[in-house]
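Colleague: let me see the structure of the following:
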Amino acid sequence: MKTKSLLIATFAGMFAMAMITSCGGGQQPATESSEAVEAVEESGDDAQMALGKQIYDTKCFACHQADGHGLPNAFPSLEGSDLLLNHTKQAVAQALNGSEKVGSTGKYPAPMPPQVDTHEDAVAVINYVITHFGNNGKKITLDEVKDIQIER
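Modeller: Sure thing, here's the model as predicted:
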């Protein structure tokens, strides 16, 4: 029985570490991001949504899934998320700095690591998420979040 419990605990720990790594942990500094930011500034909303989708598809989908519904008891759904829709500035801070408490309940087993390196990328991915996956949130601007400190 102890061996079975040890195996389960070991597997759970390995799964959590794999998810943390795939969800942005140990990320490399963005190199193409400055080019993408210039495209956002030049093309406006469409380019920002394209950048947000690119970031989501690269950094977020492994945990939150392609449909944004997450995995029950592992990773939160983004659809109808109070954090995203009602505390958008905090959601931007979480994308930049990660969070020990994931979601408003903190009931998920692993913290969320930082996902992006710049305010521009954070705004793009949060605006993408709050306008997709059944959400119809109010977009946030770069000016609204420029005072968020990046804590790395």
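Colleague: hey, let's count contacts and neighbours off CA atoms from now on
Modeller: OK.
Colleague: what about Leu78, neighbour count?
Modeller: Other residues lying near Leu78 total 23 when counted by other C-alpha atoms under 10 Å.
Colleague: next one: the closest residue in space to it that isn't next to it in sequence from Asp143, what distance?
Modeller: Spatial nearest neighbour of Leu78, chain neighbours left out: Gly68 (5.3 Å); criterion: C-alpha to C-alpha, 6 or more residues apart in numbering. Using C-alpha to C-alpha, to the nearest Å, Gly68 is found at 26 Å from Asp143.
Colleague: remind me which residues of this protein are low pLDDT?
Modeller: 1-43, 101-106 (pLDDT under 70).
Colleague: ok so, going back, neighbour count: Gly68 and Asp143, which is higher?
Modeller: Comparing Gly68 with Asp143 by neighbour count (other C-alpha under 10 Å), the higher total belongs to Gly68, at 21 against 10.
Colleague: ok, that one touching Glu79?
Modeller: Yes: using C-alpha atoms under 8 Å, Gly68 and Glu79 qualify as a contacting pair, with a distance of 6.4 Å.
Colleague: show me whatever sits in contact with both of the two.
Modeller: Common neighbours of Gly68 and Glu79, using C-alpha atoms under 8 Å, 6 or more residues apart in numbering, are Phe133.
Colleague: part of a helix, is the residue nearest to Leu78?
Modeller: No: going by DSSP: H, G, I helix; E, B strand; the rest coil, the assignment for Gly68 is coil, not a helix.
Colleague: what's the distance between it and Ala122?
Modeller: Applying C-alpha to C-alpha to Gly68 and Ala122 gives a distance of 17 Å.
Colleague: next one: Thr131
Modeller: 14 Å.
Colleague: ok, back up a step: got the phi and psi for the residue nearest to Leu78?
Modeller: phi 80, psi 0 (degrees, to the nearest 10).
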